[in-house]
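Colleague: turn this into a structure:
(2 chains)
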Amino acid sequence: MSFQEKNITASLVNFTLILGFFLISLFQMVQGGHLTSEYVFRLWGIVAILATVGTVAIIIFTHIASGVIHTMKTSEEPHIKGIQDERDTFIELKGTNIAYRVSSIGVALSMLTLVFGQQPLVMFNLLIFFGVVAQIIADISRLYFYRRGF
Amino acid sequence: MGKRHINNTIRTLRFFHNEMTQEQLAEQVGVTRQTIIAMEKGKYSPSLELAFRIALVFNVPLEEVFSYEAEDDTR
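Modeller: Here you go, the predicted model:
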């Protein structure tokens, strides 16, 4: 597995955990009758911070782990060069394209909830949900392109 | 229009150029070893610039490295 694939796998795990946390928190809010704007926006903030900090932590951890494993295997100092070439850039852009499409569908569905008279909180929760799902689908797509080609 | 497919002889050319490794070729053309592997397996078609750089490394015309094969559309 290449460095990029490891990075993407770690990101996939990170966002899957964030999605799980979000859904569990939302379920608890609904069960406890706490589906208010205060709690929903607090959850938004937590998800946003987790996503940002998690992504940065993953990149740092992957770099360090790759370097340590490389040194253990080869007894050489790790040589970190320009890691992203044209294929990596192309696959990343394809993944981003897919993420945008999923996000667009999510935004459209979120707006539909307002049309059908649902609370604005439903719209906000759908927006977060599809935002995270878009990132997960993009990561899965990138892994697919790395493995199967295109 | 049928499916297009680009073939290459990178692996063979590497062998006949002092058994050049994938890593060495990757360094000379400015990509990762994984990209060279993907090209040899037919999972990735390089950009025009990269194709020319590879041909330059082996000092052969582009057509000796890459060939284009259009499959017939039977519909």
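Colleague: lowest-pLDDT helix or strand in chain A?
Modeller: Here the helix or strand of chain A ranked lowest by mean pLDDT, DSSP states H and E is helix A:37-74, holding a mean of 86.
Colleague: what is the rounded mean pLDDT of the helix or strand harbouring A:Val13?
Modeller: Following DSSP states H and E, one finds A:Val13 within helix A:3-31. Here helix A:3-31 scores 91 as its mean pLDDT.
Colleague: now stretch B:63-71
Modeller: Rounded mean pLDDT across stretch B:63-71 is 87.
Colleague: can you list the buried residues in that stretch?
Modeller: Neighbour-count burial for stretch B:63-71 flags B:65-66 (criterion: 16 or more other CB atoms under 10 Å in any protein chain shown). C-betas here are computed from N, CA, C, even on glycine.
Colleague: could you do stretch B:19-31 as well?
Modeller: Neighbour-count burial for stretch B:19-31 [16+ other CB under 10 Å]: B:20, B:22, B:24-26, B:29, B:31.
Colleague: who touches stretch A:85-92?
Modeller: If you take CB atoms under 8 Å, 6 or more residues apart in numbering or on different chains as the criterion, stretch A:85-92 is touched by A:4, A:84, A:142, A:145-146, A:150, B:30-32, B:34-35, B:38, B:44, B:46-47, B:50.
Colleague: confidence-wise, which of these comes last?
Modeller: A:Phe150 (75).
Colleague: so who does it touch?
Modeller: Counting by CB under 8 Å, 6+ apart, A:Phe150 touches A:91, A:94, B:43-44.
Colleague: can you pick out the most distant pair from those residues?
Modeller: A:Lys94 and B:Lys43 (13.7 Å; CB to CB).
Colleague: please report phi then psi for the residue in chain B positioned nearest to chain A.
Modeller: Nearest residue of chain B to chain A (CB to the nearest CB) works out as B:Lys43 at 2.6 Å. Backbone torsions for B:Lys43, taken as degrees, to the nearest 10, come to phi -90, psi -10.
Colleague: now B:Asn7
Modeller: The phi/psi pair for B:Asn7 (degrees, to the nearest 10) is phi -100, psi 160.
Colleague: for whichever helix in chain B runs longest, packing partners?
Modeller: Looking across chain B with DSSP state H, the single longest helix is helix B:48-58. Judged by 3 or more CB pairs under 8 Å, 6 or more residues apart in numbering or on different chains; DSSP states H and E, the packing partners of helix B:48-58 are helix B:22-29, helix B:62-65.
Colleague: what's near enough to touch residue 55?
Modeller: Just so you know, I chose chain A. Counted by CB under 8 Å, 6+ apart, A:Thr55 has contacts A:11, A:14.
Colleague: switch to chain B, that's the one I care about
Modeller: B:61-62, B:64-66.
Colleague: sorry, back to before: ok, so of the buried residues of stretch B:19-31, who is nearest A:Phe21?
Modeller: B:Val31 (37.9 Å).
Colleague: quick one on the thing from earlier: and the angle for the longest helix of chain B with helix B:22-29?
Modeller: Per axes from the mean of the first three to the mean of the last three CA atoms, to 10 degrees, the angle that helix B:48-58 makes with helix B:22-29 is 110 degrees.
Colleague: now the helices and strands packed on helix B:48-58 in JSON lines, with distance to chain A?
Modeller: Shown next, in JSON lines, are these (distance: least, CB to the nearest CB, whole Å):
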{"stretch": "helix B:22-29", "distance to chain A": "8"}
{"stretch": "helix B:62-65", "distance to chain A": "17"}
